[in-house]
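> Pasting a predicted model and its sequence here:
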Amino acid sequence: MSRACWICGASADSAEHRFKKADLVRAHGRGPYIGPAALYHYRSGHKSLVQGPNSKLLKYSPSLCKHCNTTYTQPFDRAYDAFISWMMENEEAVLRQRFLDFEEIYGSNWEESQRDLYKYFAKSFGCRLVDATTNVPPDIVECIVRNSFCTHLCLTLAVNEDTLLLPSRHRNGFIGKGKLFSWTPRSAPRSDDIFTWDEHVSWLTTCYWYNNAPDDACGSSWIADRKLIHLGSFAPLNKRERNELIKKTRDYK
Ligand SMILES: [Zn+2]
């Protein structure tokens, strides 16, 4: 059964990448990923060989129409590409100062560009919800189609300190998504959906807080409404795992 595009309601005939193609190409090249360049996708404990950046494994099933997935959201993709490229080029300074000034990244057009970047993340979140067979809340659709919006989706950007332990040539190819959690408070079982989620490119982790107060340690709350945001910090490994990782990274060198 074909779905309706979750943005405009037309027939959904276009599949969004689970991982941004440009991120994969930047880190791993254009493929094919064979021999020493073999690339694996890990999902729910399963490991699959990925042939190239257009592999079906790396796409959601169609949940958008072609227009919404390409022409309409192209400015959002561009804002994201410019953001990641700038982050990679300025990695050392960003990690030292631990904040981002959107004007430094985008220049005088920063207000519109940081909004487009937020919309890029909102689209990613919507596609993930559909993949989890959950309806996309109307306020998420609204923030994609409007320039002025009210939404329950807060984002924070954080440094994964454990990923930072990896040499840059290894961590740059570390691209993935965390588990999508749906919460129902015991005190209000009929309340609106509450979700948390995260995605990462290398150490840079985008944390999604929907209907949920962000953890301040994970960075400044951002709803496309700031010129400057502070990066948060977290370290998911326990002491033993971290020591093992440090030992392994010595072997890489
Ligand atoms: Zn559409």
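All right, it came through fine.

> Pull up the residues of the stretch 51-200 of the chain that are close to the ion.
Counting by Cβ under 5 Å from the ion, the stretch 51-200 of the chain comes close to the ion at C65, C68. Where you see a C-beta, it was placed from the backbone N, CA and C, and this is true even at glycine.

> Let's see that with 8 Å instead.
Residues of the stretch 51-200 of the chain lying close to the ion (Cβ under 8 Å from the ion) are L64, C65, K66, H67, C68, N69, Y72.

> The first one touches A4, doesn't it?
No. The criterion here is Cβ atoms under 8 Å, and L64 misses it with A4 at 9.7 Å.

> Between the two, which has more neighbouring residues?
Legend: neighbour count by other Cβ atoms under 10 Å for L64 and A4, higher for L64 (27 against 13).

> Tell me which residues touch that one, please.
Residues near L64 by Cβ atoms under 8 Å, 6 or more residues apart in numbering: C5, W6, I7, A12, S14, A15, E16, C127.

> can you pull up the bridge partners for the fifth one?
Right, S14. In this entry, S14 is beta-bridged to L64, by DSSP bridges.

> gap between it and T71?
Distance check for S14 against T71: by Cβ to Cβ, to the nearest Å, it reads 11 Å.

> With T205 instead?
Computed with Cβ to Cβ, the distance linking T205 and T71 is 30 Å.

> So the two - more neighbours on which side?
T205 (24 against 9).

> And the strands in the protein, which stretches?
Using DSSP state E, the strands of the chain run over 39-43, 46-50, 99-101, 153-160, 175-177, 181-183, 194-201, 204-210, 228-230, 232-234.

> want to try CSV for the ones you listed, with mean pLDDT as columns?
Below are these laid out as CSV (pLDDT from 0 to 100):
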stretch, mean pLDDT
strand 39-43, 79
strand 46-50, 82
strand 99-101, 98
strand 153-160, 98
strand 175-177, 89
strand 181-183, 87
strand 194-201, 95
strand 204-210, 97
strand 228-230, 98
strand 232-234, 98
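
> Adding distance to T134, write these out as TSV.
Shown next, in TSV, are these (distance: least, Cβ to Cβ, whole Å):
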stretch	distance to T134
strand 39-43	18
strand 46-50	22
strand 99-101	30
strand 153-160	14
strand 175-177	15
strand 181-183	7
strand 194-201	8
strand 204-210	11
strand 228-230	27
strand 232-234	25
